[in-house]
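**Student:** need coordinates for the following:
(2 chains)
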Amino acid sequence: MRKLAGAAGYTVHATEVTGCLHLKSAVTAVDAETVLVNPDWIDSSLFDA
Amino acid sequence: MPDDVIAIDRREPYGANVLGLRDRVIVPASFPWTAERISSGGKRRVVTVDAGEARQGRRRGDLLQPDPRQHPLFAVRANDMDDKRATLRHAVATVAYRGGKAVRDAPPAFAAYSPDGSPRTAVKILAHVGDRTTGP
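**Tutor:** Take a look at the predicted model:
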């Protein structure tokens, strides 16, 4: 993923999710500047500007 | 990096399962408290859908793509039960859905297929999964 996304100019941050099966259950981008998170399932400090 | 972080309402642990689409955010109707947070007092347009129906593919041609997941396990709303049960149920439903999809309309020769040449052919693995999931 890092290789593929990196080629497109993105930086990949690996993270752990707990309590759910999918990353998207823990966090979803609702628009370009906003994420919706379940802070019990993912470290929401990842999204600090 | 996003400059805004909204936390779901803890009464709806699966509340982050929404879809941001241009100027709208599509939210399952079963997450009303989280929908209110996303809306931020009308700042964002929130469209609620009955995801229970969508999961059963009844809203064809509507907001969501037709969904083949008609397995009854998917029709249960996650927030009607506790977290552990919801996660287990989702895992079982995923195995049922993905497993069914992998073998549906498979040609007869698929039964004897073994990716590494070992005796563990597709039909033996499938039989084993069936034995394990149906109990003794």
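
**Student:** now the element after the helix ranked longest in chain B, going C-ward?
**Tutor:** Longest helix of chain B, by residue count under DSSP state H: helix B:83-103. For helix B:83-103, the following helix or strand on the C-terminal side (DSSP states H and E) is helix B:122-134.

**Student:** elements contacting that following helix?
**Tutor:** helix B:83-103 (3 or more C-beta pairs under 8 Å, 6 or more residues apart in numbering or on different chains; DSSP states H and E). Using the backbone N, CA and C atoms, a C-beta is placed for each residue, glycine as well.

**Student:** what are the buried residues along the helix it packs on?
**Tutor:** B:86-87, B:90, B:93-94, B:96-97 (16 or more other C-beta atoms under 10 Å in any protein chain shown).

**Student:** which residues of chain A fall in helices?
**Tutor:** Using DSSP H, helices in chain A cover A:2-7, A:23-26.

**Student:** and the last one, what's buried?
**Tutor:** Neighbour counts over helix A:23-26 (16+ other C-beta under 10 Å) mark A:25-26 as buried.

**Student:** what about B:K43, neighbour count?
**Tutor:** By other C-beta atoms under 10 Å in any protein chain shown, the residues close to B:K43 number 9.

**Student:** repeat that for B:P28.
**Tutor:** Neighbour tally, B:P28, other C-beta under 10 Å: 24.

**Student:** need the pLDDT of it.
**Tutor:** We have a pLDDT of 90 for B:P28.

**Student:** who does it form a beta bridge with?
**Tutor:** With DSSP bridges as the criterion, B:P28 is bridged to B:V49.

**Student:** what parts of chain B come near chain A?
**Tutor:** For chain B, the contact set with chain A under C-beta under 8 Å from any C-beta of the partner chain comprises B:1-8, B:10, B:13-20, B:25, B:34, B:38, B:44, B:83, B:87, B:90-91, B:94.

**Student:** from the residues you listed, keep the buried residues only.
**Tutor:** Buried positions within the residues of chain B next to chain A, assessed by neighbour count (16+ other C-beta under 10 Å), are B:2, B:5-8, B:13-20, B:25, B:34, B:38, B:44, B:87, B:90, B:94.
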